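Novice: after the sequence you'll find the predicted model.
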Amino acid sequence: MKIQLVSFLIVLVFLTACSGQPAAQDSDAASETSNAVAEEGVVESENNESSKLVDGRTASDDCAPGTRAIDHDYGTTCVPENPERIAVMDLDVAAFMRVLDIKPVAISFAQWNELVAASLEWEEAGNAFIADATDIGEWPYNIESVAASNPDLILAAGVEKYELLSEIAPTIAFDIYHNNENSWSTFTAYFGDVLNASDEAQALVDATNERIAALEAYVATEAGDPTVFVVQEWEETISYGAPYFAYNQIMAQANMARPETQAVIQDEYETSFDEYWANVSLEQLDTVDAEYLLLLSLVYDESGGTIDELREEPIWAALDAAQNDQFVAVPWQQWLSFDVYSVNKTIDDLFRIVGGSEAAEVAPNPFSAEVADSLPTDQTDGEALSQVPGFPAYAPTPTMLEVVEEREETVLIRHAFGETEVPKNPARVYTDALTTQIALSLGIEPAGAQYFTTLLEVPELAAQLEGVPELGDQYLRPKPRSACGCPTRPDRRLG
């Protein structure tokens, strides 16, 4: 299977359900679909309980021809050797399927769309991923819709509906967020095996491990041994995540030190953490201070404030990290997710924030390289130093844009999604989160822009963006033109 790497940023939503009980109507609906389960190759236990293997019970690995045994958190299940119709109920797994270009037959549309709502150019790819799928709704999901999709394999999170789901099709259930033995690499290898893509998964794990090793060496050389800590703030409560969270694993693997006050987190895990988080009060804020203090950010709604607002509060402003301009926001969904795409984006962030360098200059993101290699090459400039004109990147590399034909007043441009005729001297340009900085670097003031909130931390860029109508940001849905007060129609949209 060839990995089809994608050019949109997957920012993953932390999905594990907090609570929920199977509904009686779901049980009735699901039981109607159970008559063919044994024929699908699910190992049966006593009392014909199909694959309802919980509480440590173990099934035989004597699977029917064309199936194989897979161990998971709630037992052992026989699954198709080559599953063709996969229902997915966990977005970490869905994101990994997107990396492998394996489309689901059932998924929560609302939750998936949250991943691709960050920028318009990602919506086409994201919508294509679910175009032929059945919508199972939001948690606690519609079991009838799952059954109607006729899956031959179900990938689910949590045990709450495992018995119902296993009556529909062989079900692999897991609880990734409550298991200290899980990691982004074991997650990738495990689901690579489940999805019959072990070689591709191992290649991604190896490439990512090499990047983490490069991150460790680079930070040690450029920044010494800085302390780094990650928190979230919600209604004046400060929380820090469990050691098995993906970002904590990456930083531990790169030997990034915690502040001394938090160095015992792993040892005190059982007593320190309530579910996923340990909390400290504002009065204890100094216990989480570090040379680099990173704030998990939903790129906030009104109930959470913004990092700029926190910096203005005396108790936050007094922190060493804030005093040294090293109190930085990072994307919450991406940093929490276990899929290898998001892990590599988090590594990029750590290169930039702690190492002080773009990752492309030291250890290029394998996804970015694959994307660049798949795009049209500008044959007129073999020494191009950028993927997009004006945007620094490792060199030499193909450019994303190619001039097909220059006309009297317009230029025909070939780009990732086709060809577009644009004016030579546009007066009004809209930019997305990835092209705003490019436009600013070229001296172009957008008529409307999406942008990474970190741009506002650079005074020169913040000054250039002052007065530019905001179209949205890279994490929230773009604002309609009517909401941002933008011109009715731009001459050109970048991104």
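Specialist: Done, it's in.
Novice: buried set for stretch 195-213?
Specialist: Leu195, Asn196, Ala197, Glu200, Ala201, Leu204, Val205, Ala207, Thr208, Arg211, Ile212 (16 or more other C-beta atoms under 10 Å). Placement of C-beta: from N, CA and C, glycine included.
Novice: ah, wrong one, I meant stretch 344-360
Specialist: Buried residues in stretch 344-360, counted by 16+ other C-beta under 10 Å: 344-351, 353-355, 359-360.
Novice: send me it as CSV with only the CA atoms.
Specialist: Extracted C-alpha coordinates of stretch 344-360, given in CSV (Å, rounded to 0.1, in the frame of the first residue of the first chain):
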residue,chain,number,x,y,z
ASN,A,344,5.6,15.6,13.3
LYS,A,345,3.8,19.0,13.4
THR,A,346,4.5,19.2,17.2
ILE,A,347,8.2,18.4,16.5
ASP,A,348,8.2,21.4,14.1
ASP,A,349,6.8,23.6,16.9
LEU,A,350,9.4,22.5,19.3
PHE,A,351,12.2,23.2,16.8
ARG,A,352,10.8,26.7,16.3
ILE,A,353,10.0,27.6,19.9
VAL,A,354,12.8,25.9,21.9
GLY,A,355,15.4,25.5,19.3
GLY,A,356,14.9,28.8,17.6
SER,A,357,14.9,27.5,14.1
GLU,A,358,12.5,26.2,11.5
ALA,A,359,12.6,22.4,11.4
ALA,A,360,13.0,22.4,7.6
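Novice: give me the low-pLDDT residue ranges for the stretch 351-495 of the chain?
Specialist: For the stretch 351-495 of the chain, applying pLDDT under 70 flags the ranges 368-402, 415-418, 432-434, 437, 441, 451-455, 457-458, 472-495.
Novice: pull the contacting residues for Ala223.
Specialist: Val354, Gly355, Gly356 (C-beta atoms under 8 Å, 6 or more residues apart in numbering).
Novice: out of these, who's nearest Ala217?
Specialist: Of all the contacts of Ala223, Gly355 has the smallest distance to Ala217: 9.8 Å, by C-beta to C-beta.
Novice: by contact count, what packs against the helix or strand encompassing Phe191?
Specialist: Per DSSP states H and E: Phe191 is located in helix 184-194. Secondary-structure packing of helix 184-194 (3 or more C-beta pairs under 8 Å, 6 or more residues apart in numbering; DSSP states H and E): helix 91-99, strand 153-157, helix 198-223, helix 246-253, helix 340-353.
Novice: dump those to CSV, plus distance to Leu465.
Specialist: What follows is the helices and strands packed on helix 184-194, written out as CSV (distance: least, C-beta to C-beta, whole Å):
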stretch, distance to Leu465
helix 91-99, 30
strand 153-157, 39
helix 198-223, 28
helix 246-253, 28
helix 340-353, 19
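Novice: circling back to that earlier point, between the buried residues of stretch 344-360, which is nearest Ala242?
Specialist: Once C-beta to C-beta is applied, the member of the buried residues of stretch 344-360 that ends up nearest Ala242 is Thr346, at 16.1 Å.
Novice: can you tell me, leaving aside adjacent residues, what's nearest to Gln428?
Specialist: To be clear, residue 428 is Arg; Gln isn't right here. Nearest residue to Arg428, sequence neighbours excluded (C-beta to C-beta, 6 or more residues apart in numbering): Ala447, at 3.9 Å.
Novice: quick one, domains of this structure?
Specialist: Taking automatic domain parsing as the reference, the chain has its domains at 24-178, 203-361, 379-425, 427-495.
Novice: mean pLDDT lowest where, among these?
Specialist: Set side by side, the domains of the chain give their lowest mean pLDDT on domain 379-425, at a mean of 56.
Novice: list the helices and strands the helix or strand where Ile172 lies packs on?
Specialist: Here Ile172 sits within strand 171-174, counting by DSSP H and E. Identification of packing neighbours for strand 171-174 by 3+ C-beta pairs under 8 Å, 6+ apart yields strand 67-72, strand 75-80, strand 153-157, helix 162-166.
Novice: let's see it at 6 Å
Specialist: strand 67-72, strand 153-157 (3 or more C-beta pairs under 6 Å, 6 or more residues apart in numbering; DSSP states H and E).
Novice: what angle sits between the longest one and strand 75-80?
Specialist: So that's strand 67-72. Interaxial angle of strand 67-72 relative to strand 75-80 (axes from the mean of the first three to the mean of the last three C-alpha atoms, to 10 degrees): 150 degrees.
Novice: strand partners of strand 67-72, parallel vs antiparallel please.
Specialist: Strand 67-72 has its sheet partners listed here by DSSP bridges as strand 75-80 (antiparallel).
Novice: ok and the partner strand relative to helix 184-194, angle-wise?
Specialist: 50 degrees.
Novice: for strand 75-80, output the C-alpha coordinates as PDB.
Specialist: Provided in PDB are the C-alpha atoms of strand 75-80 (Å, rounded to 0.1, in the frame of the first residue of the first chain):
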ATOM      1  CA  GLY A  75      -9.900  -9.300  24.300                       C
ATOM      2  CA  THR A  76      -8.800 -10.900  21.100                       C
ATOM      3  CA  THR A  77     -10.900 -10.600  17.900                       C
ATOM      4  CA  CYS A  78     -10.600 -12.200  14.500                       C
ATOM      5  CA  VAL A  79     -10.600  -9.500  11.800                       C
ATOM      6  CA  PRO A  80     -10.400  -9.600   8.000                       C
END
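Novice: that one: what's the following helix or strand?
Specialist: Later in the chain than strand 75-80, the nearest helix or strand by DSSP H and E is strand 86-88.
Novice: residues making contact with that next one?
Specialist: Identification of contacts with strand 86-88 by C-beta atoms under 6 Å, 6 or more residues apart in numbering yields Ala94, Pro104, Val105, Ala106, Ile107, Val146, Ser149, Pro151, Leu153, Ile154, Leu155.
Novice: which one of these sits closest to Gly66?
Specialist: Within the contacts of strand 86-88, the smallest distance to Gly66 is 12.6 Å, found for Leu153 (C-beta to C-beta).
Novice: list the contacts of the closest one.
Specialist: Leu153 neighbours (C-beta under 6 Å, 6+ apart): Val79, Pro83, Ile86, Pro170.
Novice: one more time with 8 Å, if that's ok
Specialist: The neighbours of Leu153, taking C-beta under 8 Å, 6+ apart as the test, are Val79, Pro80, Pro83, Arg85, Ile86, Ala87, Ala169, Pro170, Thr171, Ile172, Val194.
Novice: neighbour count added to those residues, as CSV?
Specialist: Formatted as CSV, the contacts of Leu153 follow (neighbours: other C-beta atoms under 10 Å):
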residue, neighbour count
Val79, 27
Pro80, 20
Pro83, 20
Arg85, 16
Ile86, 27
Ala87, 27
Ala169, 28
Pro170, 25
Thr171, 30
Ile172, 26
Val194, 22
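Novice: out of those residues, who's nearest Val422?
Specialist: For these, the minimum distance to Val422 (C-beta to C-beta) is 40.4 Å, reached by Ile86.
Novice: how close does the closest one sit to Ser198?
Specialist: 16 Å (C-beta to C-beta, to the nearest Å).
Novice: circling back: which one of the helices and strands packed on strand 171-174 is the most hemmed in?
Specialist: When the helices and strands packed on strand 171-174 are scored by mean count of other C-beta atoms under 10 Å, the highest mean neighbour count falls to strand 153-157 (a mean of 25).
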